[in-house]
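# only geometry, no sequence info:
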């Protein structure tokens, strides 16, 4: 290795199957120096290795270190002590990120990929997941940032990493505007959540059902609701008031979520409108539509206007 003392270090850990490889690859694509599963006894040697003659000061790239329970010498408490030493004795700017995920989703991922859990090669994946949670609990509890990837696709995680660790606009909070469907689960990372199910539902219009809230015909249908303009305008005014206060308070990440039943029409349109409003107001939101590709289902929408309640 020929790395100088980096000004910024990200220690990335988490549960096997939660997305560490995807996160590290994304950071590498963003220009970070990435080292995965480095034995902890070699960390100081890595940081102390000077650049070749004539290259001093040339490499200002931040360093991402991937560490998990498979890393030789893994000890969560020892890692915490090492991070404190890097900050206090060596002056490095060290951030910590832990990738978490629900047990059921991790089991599904291991079954789908036909991979064995690294801590349960001859036992069910559930045993390895439980063991790994025990080993990494101290690190998860201590990490400054935790991302729950239970409902994330690979693409969603890439977008999340890019928004959190972009080297631009580091003084501003990372703002995410998210649309979702209540019937498919409430997002775990939302700071503010608005329920759009009071608006007229395009699902029950045969011509609009296959379209999404990004379609102008769907947008016009939703906007025609008598309560729409007043409600959405008040939400925009509220966010314009709250977001600068969050920034002043030092909040680094803000997720504003808009939900409807299926996450395909009303929440998508409102999230898109609010994001454009905030962009015009000087913010830089990232927009994610979690359930926009989900298949519409009558059983999820519950009630047809003027008709009986649908059965599950």
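Happy to help now that I have it. Computed from a predicted model, the values in this text were never measured in an experiment.
# just say helix, strand or coil for the spatially most central residue of the chain.
Residue closest to the average C-alpha location in the chain (CA atoms, centre = their mean): residue 160, at 4.2 Å. Secondary structure, DSSP: H, G, I helix; E, B strand; the rest coil: residue 160 is helix.
# how far away is the nearest residue to it once chain neighbours are set aside from residue 244?
Nearest residue to residue 160, sequence neighbours excluded (CB to CB, 6 or more residues apart in numbering): residue 147, at 6.2 Å. Using the backbone N, CA and C atoms, a C-beta is placed for each residue, glycine as well. From residue 147 across to residue 244, the span is 25 Å (CB to CB, to the nearest Å).
# please say which of those two ends up with more neighbours.
Between residue 147 and residue 244, counted using other CB atoms under 10 Å, residue 147 has the larger neighbour count: 22 against 14.
# which SS class is that one?
Following three-state DSSP, the label given to residue 147 is strand.
# do the same with residue 34
strand.
# that one: how many residues sit nearby?
20.
# residue 21 versus that one, what's the distance?
10 Å.
# test my guess that residue 180 contacts residue 263.
Yes. Counting by CB atoms under 8 Å, residue 180 does reach residue 263; the two are 4.8 Å apart.
# find the residues that touch each one of these two.
Here residue 180 and residue 263 have 290, 291 as joint contacts, going by CB atoms under 8 Å, 6 or more residues apart in numbering.
# phi, psi of residue 241?
In terms of degrees, to the nearest 10, the main-chain angles of residue 241 are phi -80, psi -40.
# how close does it get to residue 174?
Using CB to CB, residue 241 is found at 19 Å from residue 174.
# higher neighbour count, the two?
The neighbour count for residue 241 versus residue 174, taken as other CB under 10 Å, is higher for residue 174 (20 against 9).
# what's opposite the more buried one in the beta bridge?
Residue 174 has these beta-bridge partners by DSSP bridges: residue 253.
# give me the pLDDT for it.
We note a pLDDT of 83 for residue 174 in this prediction.
# isn't it up against residue 164?
Yes. Between residue 174 and residue 164 there is a contact under CB under 8 Å: 5.4 Å.
# okay, and the common contacts of the two?
Contact criterion CB under 8 Å, 6+ apart; residues shared by residue 174 and residue 164: residue 253.
# secondary structure class for residue 207?
coil.
# which residue ranges of the stretch 101-250 of the chain form helices?
Along the stretch 101-250 of the chain, counting by DSSP state H, counting those that start in this stretch, helices occupy 103-113, 125-142, 154-165, 216-223, 228-248.
# reformat those helices as TSV; add mean pLDDT and distance to residue 30.
Output for the helices of the stretch 101-250 of the chain, formatted as TSV (pLDDT from 0 to 100; distance: least, CB to CB, whole Å):
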stretch	mean pLDDT	distance to residue 30
helix 103-113	90	24
helix 125-142	89	23
helix 154-165	86	7
helix 216-223	97	33
helix 228-248	93	23
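# tabulate these in CSV, adding columns for distance to residue 84.
Putting these into CSV (distance: least, CB to CB, whole Å) gives the following:
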stretch, distance to residue 84
helix 103-113, 30
helix 125-142, 10
helix 154-165, 22
helix 216-223, 51
helix 228-248, 28
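# nearest to residue 45 among these would be which one?
helix 125-142 (22.0 Å; CB to CB).
# packing partners of that closest one?
strand 8-14, helix 76-88, strand 93-100, helix 103-113 (3 or more CB pairs under 8 Å, 6 or more residues apart in numbering; DSSP states H and E).
# weakest of those in terms of mean pLDDT?
It's helix 76-88: among the helices and strands packed on helix 125-142, that one has the lowest mean pLDDT, namely a mean of 76.
# what comes up buried for that one?
By 16 or more other CB atoms under 10 Å, the buried positions in helix 76-88 come out as 76, 79, 80, 82, 83, 86.
# I'd like to know how far the last one sits from residue 20.
Put plainly, it is residue 86. Counting by CB to CB, the gap from residue 86 to residue 20 is 20 Å.
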